[in-house]
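>>> kindly return the folded structure for what I paste below:
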Amino acid sequence: MRRCGETSCARQKNSKLIDGTPEVIRYTSVTLVFFWSFPMPTSYSRTQIALHWAIFFLIAVQFLFHEPISEAWDQIERGLPVSFQAPVALHVFGGLLILALAIWRIALRLTRGAPSLPEQETAAMKLAAHATHFSLYALMLLLPVSGALAWFGGIEASAEVHEVMKTLMLVLVLLHILAALFHQFVLKTNLMARMRRVE
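Reported below is the predicted structural model:
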């Protein structure tokens, strides 16, 4: 029977589960948290909570009333004139407002920080939470930028990227909502209270 060497045995040992979580997930989680962890207050500030709900509302408006901007872009692609009517302006300037508020929100997270994740979460759940938050912040920046490049610069490739990221944003928002509900009603961590009031 072939015996493993010292190095290979060490690798096998490191690949075993610890508290039910693979080491690779633990190391990845620690690495992501290292780059995405700042001061950890006990609660979000009133400004952070207000920004959270303001951005959520604006993103919802962008999705619910996207038809005018889609029709306007189709006209541009066909070489037809487009009038900058109120519904189109709402989408364009709404996106730029999301960009401004997202930058403000990220600046607050970098300087003030955010509360730590619940202790009941496993390392895998914490990794998923950090990855989702990081991706949401990235899309809050990249979606408005790609949309602006498409609309003001006429860059078709940017419009295509915008459409792909729009779908990703929708998926991540839904996952974020489901995770919050899971915490609230299954894990019973009362996580949703963080975005309702300052403790």
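
>>> OK, contacts around the residue positioned nearest the centre of the chain?
Residue closest to the average C-alpha location in the chain (C-alpha atoms, centre = their mean): Leu136, at 1.2 Å. The contact partners of Leu136, taken as C-beta atoms under 8 Å, 6 or more residues apart in numbering, are Met169, Leu172, Val173, His176. The C-beta positions use only the backbone N, C-alpha and C, and glycine is treated the same way.

>>> part of a strand, is the first one?
Right, the one you point to is Met169. No. Read with DSSP: H, G, I helix; E, B strand; the rest coil, Met169 is helix and lies in no strand.

>>> local confidence estimate at the residue lying closest to it once chain neighbours are set aside?
Leaving aside its chain neighbours, Met169 sits nearest to Leu139 (4.8 Å; criterion: C-beta to C-beta, 6 or more residues apart in numbering). Looking at Leu139, its pLDDT is 98.

>>> what's the local residue count around Leu139?
20 (other C-beta atoms under 10 Å).

>>> tell me the buried residues in the helix or strand harbouring it?
Here Leu139 sits within helix 123-153, counting by DSSP states H and E. Buried residues in helix 123-153, counted by 16 or more other C-beta atoms under 10 Å: 123, 125-130, 133, 135-140, 142-151.

>>> which stretches of this protein form helices?
For the chain, the helices defined by DSSP state H cover 6-14, 23-35, 46-64, 67-77, 86-111, 123-153, 156-182.

>>> columns distance to Arg197 on top of those helices, output as CSV?
As requested, those are exported to CSV (distance: least, C-beta to C-beta, whole Å):
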stretch, distance to Arg197
helix 6-14, 43
helix 23-35, 26
helix 46-64, 8
helix 67-77, 35
helix 86-111, 17
helix 123-153, 20
helix 156-182, 15
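
>>> nearest to Arg194, of those helices?
Nearest to Arg194, of all the helices of the chain, is helix 46-64, at 8.1 Å by C-beta to C-beta.

>>> any low-confidence regions in the protein?
1-39, 199 (pLDDT under 70).

>>> what number of residues lie near the residue lying closest to His66 once chain neighbours are set aside?
In space, and not counting its chain neighbours, His66 is closest to His91: 6.6 Å by C-beta to C-beta, 6+ apart. When counting by other C-beta under 10 Å, one arrives at 20 neighbours for His91.

>>> roughly how far does His91 sit from Ala72?
Relative to Ala72, His91 is positioned 9 Å away (C-beta to C-beta, to the nearest Å).

>>> Arg194 now?
Counting by C-beta to C-beta, the gap from Arg194 to Ala72 is 39 Å.

>>> with Arg78 instead?
Using C-beta to C-beta, one obtains 11 Å as the distance from Arg78 to Ala72.

>>> please consider this matter closed, and thank you.
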